[in-house]
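>>> model this:
(2 chains)
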Amino acid sequence: MNFRAEINVMPHKELLDPQGKAVAAGLHKMNFSDVADVRIGKHLTIKLSAASEAEAKQKIEEACKKLLANPIMESYTFELFSE
Amino acid sequence: MKFGVVVFPGSNCDKDMLHVLGNVMGAQVREIFHKETSIDDFSEKDCIVLPGGFSYGDYLRTGAIARFSPVMNAIIEFANAGGKVLGICNGFQVLCESHLLPGALLRNNNMQYICKNVHLKVETNNTQFTALTQKGSVLEIPIAHGEGRFYCDEKTLQELYANDQVLFKYCDATGNYTEAANPNGSIDNIAGITNKTRNVFGMMPHPERASELAMNNTDGRILFESLLAKAAVV
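Residues are numbered from 1 along each chain as shown, chains lettered A, B, ... in the order given. As a prediction, this is how the structure comes out:
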């Protein structure tokens, strides 16, 4: 079975996100004055094959833990789709 | 005692490090290519250096991809067996990603890449890397990074202090830990640390850029002298 995982990796809420801060300042300068906060993370799309949805989920969990997110500074969420 | 300097794709301080270790310090040194899978010609008395740069283009996170390059398994084994490993700048980031050192290095809090001289206070000389320094002395050594904000959770921070693992802290010229002297927002002004077993060292500043008169700064030299002096005694 073929699957597609859509993964979001975000910096932990308690950590300062300078990228987000810079973009928020840019938006304010462009008169998007209602913008209260911007935080920037990463979005990854991964295509994979697995015997079952459970196995695909487990593989993506492992990939997130081992490489895609650093738990010290980031958290991740993902959605899995059948292709 | 022999040094090895790892060359990852994107390393850019490897030649500086080879020059300082070989030509300035007169030590035996060889390049280690990232595709090497064995570093059996090094013993635990030797030291592997992970140099500064932008390994693998800093893709995903700084140091994250380098951690999985072929040579890193051998280096992790080498470190676990007691061999000395020193990571400068990007090398420090690789060591954190490899879990050889605790914590992580985040984007500088002022949103800028910073290249300038900073002052560092020596927090411990109870390591082979700082053995010849005086605790509390101030070294002037340049930094050059965009992602050098050292961060760890509170529990890890307490452990770093409890085990005397903090090597250097950013300070002003007279040794005060001020916010203004902290270039990147590192937690507690921390600029360099060691592991619990005191054989792995990481620091954001570049001592190899401050080790000869031609660079108009020799403050970094004492760190390489420490490694060599300790090795000679053992």
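
>>> strands along the chain, start to end?
No chain in the question, so chain A it is. Using DSSP state E, the strands of chain A run over A:2-11, A:42-49, A:74-82.

>>> nope, chain B please
Under DSSP E, chain B gives strands at B:2-7, B:28-33, B:47-50, B:84-88, B:104-106, B:114-122, B:138-145, B:149-151, B:166-171, B:190-194, B:200-203.

>>> and these: which comes nearest chain A?
Nearest of the strands of chain B to chain A, taken as C-beta to the nearest C-beta: strand B:104-106 at 4.2 Å. From N, CA and C alone the C-beta is placed, and that goes for glycine too.

>>> so for the helix ranked longest in chain B, mean pLDDT?
Across chain B, the helix with the greatest residue count (assigned by DSSP state H) is helix B:221-233. Summarised as a single mean, pLDDT over helix B:221-233 is 87.

>>> now do stretch B:74-89
When pLDDT is averaged over stretch B:74-89, the result is 97.

>>> now swap in stretch A:73-83 and tell me
Here the average pLDDT along stretch A:73-83 is 97.

>>> now do stretch B:17-32
The model assigns stretch B:17-32 a mean pLDDT of 97.

>>> got the end-to-end distance for it?
Using C-alpha to C-alpha, to the nearest Å, one end of stretch B:17-32 lies 12 Å from the other.

>>> contacts for it, please.
B:1-7, B:14, B:39, B:48-49, B:51, B:71, B:88, B:208, B:211-212, B:221, B:224-225, B:228 (C-beta atoms under 8 Å, 6 or more residues apart in numbering or on different chains).

>>> what subset of those is buried?
Buried members of those, scored by 16 or more other C-beta atoms under 10 Å in any protein chain shown, are B:1-7, B:14, B:39, B:48-49, B:51, B:71, B:88, B:208, B:211-212, B:221, B:224, B:228.

>>> go back to those and keep what's next to chain A.
Among the buried ones among the contacts of stretch B:17-32, no residue is within reach of chain A (C-beta under 8 Å from any C-beta of the partner chain).

>>> give me the number of residues near B:D41?
By the criterion of other C-beta atoms under 10 Å in any protein chain shown, B:D41 has 10 neighbours.

>>> tabulate the strands of chain A in CSV, adding columns for mean neighbour count and distance to B:G148.
Below are these laid out as CSV (neighbours: other C-beta atoms under 10 Å in any protein chain shown; distance: least, C-beta to C-beta, whole Å):
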stretch, mean neighbour count, distance to B:G148
strand A:2-11, 18, 16
strand A:42-49, 13, 20
strand A:74-82, 15, 17
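
>>> want to throw these into JSON lines with distance to A:S33?
Output for these, formatted as JSON lines (distance: least, C-beta to C-beta, whole Å):
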{"stretch": "strand A:2-11", "distance to A:S33": "24"}
{"stretch": "strand A:42-49", "distance to A:S33": "27"}
{"stretch": "strand A:74-82", "distance to A:S33": "29"}
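
>>> now check stretch B:53-67, is it near chain A?
Yes - figure legend: stretch B:53-67 in contact with chain A (C-beta under 8 Å from any C-beta); contacting residues B:60-61, B:64.

>>> where in chain B is pLDDT low?
Applying pLDDT under 70 to chain B flags residues B:232-234.
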